[in-house]
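Chemist: missing the sequence, but the structure's below:
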């Protein structure tokens with residue numbers, strides 16, 4: 001990490017957005033204020049790094065760490081030896097404060113990117129590029145595109161006709177935005193994310209031959225709110241008639257598929273390989289763990305949490321956690337249990353008949 005990001009711990013914390021995350025410094029008179037130039041795990045930190053502990057099971061790492069400062073809740077501070085080599089940042093939400101500090105280093109690093117337009121970029125004359133925008137090599141920007149101040153467009157990205165990108169949004173290399181897609185402020189799109197491609201819409205057409213399909217043109221678009229993050233190779237289809245909508249603060253991991261006309265509520269998060277079929281509506285603050293699958297035309301209420309590899313085949317109207325994945329076990333045992341499960345209905349009927357005879 002560049003040397004010019006280094007700051008004494010107290011000055012660093014003054015630059016970080018700590019609103020709603022109170023903290024205090026705990027150090028002896030003999031301890032110097034450490035100069036911090038980055039973050040690291042407890043086991044890999046050096047004296048110029050700040051680390052954190054949020055899991056009590058990792059407490060023993062505090063006795064070995066070489067970090068210059070560590071963020072700890074009071075309960076952990078109470079268990080420390082009388083003398084420790086690091087400065088303690090007392091905070092009841094160490095993970096959140098760590099996240100806030102990470103923003104300082106990330107945003108400062110982004111600020112160092114030259115706000116220039118590379119000479120190989122191909123930009124239509126009608127495009128409106130605000131001041132302070134960085135555009136990398138071989139970017140293509142088509143007619144009518146609008147890009148807000150402070151945004152960064154990575155190399156080889158393609159921004160199609162009519163796209164709007166807000167302020168301070170970053171596209172990593174090779175992002176593809178199809179026509180008329182709208183991206184809000186402070187968003188982050190990772191490489192090969194593709195937004196606005198046609199939804200999977202086909203009508204059976206037996207006039208051609210039995211089993212043939214007729215493609216349905218997709219006339220909607222994708223609208224992405226503010227503070228959204230979209231992972232590598234994630235695809236979000238445009239709506240067929242209406243729009244596909246991604247709310248504010250949504251976080252999407254890598255290799256996610258969101259079908260046409262879906263709506264994802266504010267601050268919902270999805271882990272890798274989630275698939276959401278078309279026209280599904282997902283509420284606010286939901287979480288979908290890795291490889292969860294949602295059938296089309298269903299709704300999830302606010303605050304619904306879907307476990308990994310769970311298949312959701314009908315709407316969920318009540319907040320809570322839902323799981324359908326079969327627990328893992330040794331294969332031969334799984335085969336035995338699977339054979340029993342196939343006969344559960346028959347077994348239930350036999351039990352009911354026996355109960356009637358009692």
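Modeler: Arrived safely. The structure displayed is predicted, hence computed values, not measured ones.
Chemist: Quick check: closest non-adjacent residue to residue 203.
Modeler: Once flanking residues are discounted, residue 203 sits nearest to residue 214: 4.7 Å by Cβ to Cβ, 6 or more residues apart in numbering. Where you see a C-beta, it was placed from the backbone N, CA and C, and this is true even at glycine.
Chemist: could you check the distance from residue 221 over to residue 133?
Modeler: For residue 221, the distance to residue 133 (Cβ to Cβ, to the nearest Å) stands at 22 Å.
Chemist: Check residue 183 too.
Modeler: Using Cβ to Cβ, one obtains 13 Å as the distance from residue 183 to residue 133.
Chemist: Show me the shaky parts of this protein.
Modeler: Applying pLDDT under 70 to the chain flags residues 1-4.
Chemist: Give me the most central residue, it.
Modeler: Taking Cα atoms, centre = their mean, the centroid of the chain lies closest to residue 251, which sits 2.9 Å from it.
Chemist: ok, now which ones touch it?
Modeler: Contacts for residue 251 (Cβ atoms under 8 Å, 6 or more residues apart in numbering) come out as 228-229, 268-270.
Chemist: and the residue nearest to residue 203, that's in a strand?
Modeler: Yes - under DSSP: H, G, I helix; E, B strand; the rest coil, residue 214 falls within a strand.
Chemist: In this model residue 206 seems to touch it, though I could be wrong.
Modeler: No - in this structure residue 214 lies outside contact range of residue 206 using Cβ atoms under 8 Å: 9.9 Å.
Chemist: Any chance you could list what contacts the helix ranked longest in the chain?
Modeler: Using DSSP state H, we find that the single longest helix of the chain is helix 94-111. With contact meaning Cβ under 8 Å, 6+ apart, helix 94-111 is reached by 1-2, 5, 12-13, 15-18, 21, 23, 38-39, 50, 52-54, 71-73, 89, 91, 152, 170.
Chemist: if we go to 6 Å?
Modeler: 5, 15-17, 21, 39, 52, 54, 71, 91 (Cβ atoms under 6 Å, 6 or more residues apart in numbering).
Chemist: Relative to residue 176, how far out is residue 144?
Modeler: Distance of residue 144 to residue 176, given as Cβ to Cβ: 17 Å.
Chemist: burial of residue 298, as a residue count?
Modeler: 17 (other Cβ atoms under 10 Å).
Chemist: Quick check, it in contact with residue 278.
Modeler: No - Residue 298 lies out of contact with residue 278 (Cβ atoms under 6 Å); the separation is 10.6 Å.
Chemist: so what's the nearest residue to residue 167 once chain neighbours are set aside up against?
Modeler: Sequence neighbours aside, residue 148 is the residue nearest to residue 167 in space, at 3.7 Å (criterion: Cβ to Cβ, 6+ apart). By Cβ under 6 Å, 6+ apart, the contact list for residue 148 reads 130, 166-167.
Chemist: Doesn't residue 351 belong to a helix?
Modeler: Yes - residue state for residue 351 (three-state DSSP) corresponds to a helix.
Chemist: any idea how far it is from residue 337?
Modeler: Counting by Cβ to Cβ - residue 351 and residue 337 are separated by 18 Å.
Chemist: Can you report phi and psi for residue 232?
Modeler: Main-chain dihedrals, residue 232, degrees, to the nearest 10: phi -60, psi 130.
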